[in-house]
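>>> sequence plus the predicted model coming up.
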Amino acid sequence: MEKLTREFYERDAECVAHDLIGKILVHDSNEGRTSGIITETEAYKGPEDKAAHSYGGRRTSRTEAMYLTGGHAYIYLIYGMHHCFNVTANFAGKPEAVLVRGLDPLDGLDLMKSRRKTQDRKNLCNGPGKLCAAMGITRELYGADLCGTELYILDSGIHAEITASPRINIDYAEEYKDVLWRFSIISTRRGDPQ
């Protein structure tokens, strides 16, 4: 399996969010390798998107990674305790990102269970905070290059059937709360399409 290239990420966040479904997120840490198939994402399309952290061109120490070229890790805390992992999209200076909301665990299942203190495989990575805890993704990886060797995404060869729906928990985003920028996996198959 090949790592996703910079060109994959240097596209509109909506395209990247859609195309990340079925890819494999990998974290090679000191504790071991964990990985999972990306099953759910949400696109955040920069200064015009009222749900994006970079809405209106907001640029702070928290959002600085969003301004990097596509293919970097934008990680932040919610409720002061849960990490959320995002993939930057588009070109440098265009602050777009994709929130990875769910994974189907692959490698490092025992390590994931230990980190999450649960034996329930289905409950390991079915939410952005849960998957970060299971994968050992923290703000120490903020700004990490996803074309590097520690945190990266592989092209799995999985062809996913995908559904689009509105993003969740963004009622404040006015007309942007109803756009269909949340992508979820319906089914998968391996190999090239016939």
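Looks like it arrived, so ask away. Remember, it's a predicted structure, so these values are computed and weren't measured experimentally.

>>> point to the residue nearest the middle of this structure.
Centroid-nearest residue in the chain, with Cα atoms, centre = their mean: Val100, separated by 2.6 Å.

>>> element containing the nearest residue to it once chain neighbours are set aside?
Residue nearest to Val100 in three dimensions, not counting chain neighbours: Phe85, with 5.2 Å by Cβ to Cβ, 6 or more residues apart in numbering. (Each C-beta comes from the backbone N, C-alpha and C, glycine too.) Secondary structure from DSSP states H and E places Phe85 in strand 82-89.

>>> list the buried residues for that strand?
Within strand 82-89, the residues scored as buried using 16 or more other Cβ atoms under 10 Å are 83-89.

>>> can you name every helix or strand that that strand contacts?
helix 6-9, helix 13-20, strand 73-78, strand 96-105, helix 128-135 (3 or more Cβ pairs under 8 Å, 6 or more residues apart in numbering; DSSP states H and E).

>>> parallel or antiparallel, which strands does the helix or strand just after the last one pair with?
Beyond helix 128-135 on the C-terminal side, the first helix or strand identified by DSSP H and E is strand 151-155. Sheet partners assigned to strand 151-155 using DSSP bridges are listed as strand 2-3 (antiparallel), strand 24-29 (antiparallel).

>>> ok now strand 151-155, how far from the chain's centre?
Its chain's C-alpha centre and that of strand 151-155 lie 11 Å apart, by Cα atoms, centre = their mean, to the nearest Å.

>>> just the angle between that strand and strand 82-89, please?
Relative orientation of strand 151-155 versus strand 82-89 (axes from the mean of the first three to the mean of the last three Cα atoms, to 10 degrees): 60 degrees.

>>> which helices and strands does the lengthiest strand in the chain pack with?
For the chain, the strand that runs over the most residues, judged by DSSP state E, is strand 32-44. In terms of contact count using 3+ Cβ pairs under 8 Å, 6+ apart, strand 32-44 is assigned the packing partners helix 13-20, strand 24-29, strand 96-105, helix 109-116, helix 128-135, strand 182-190.
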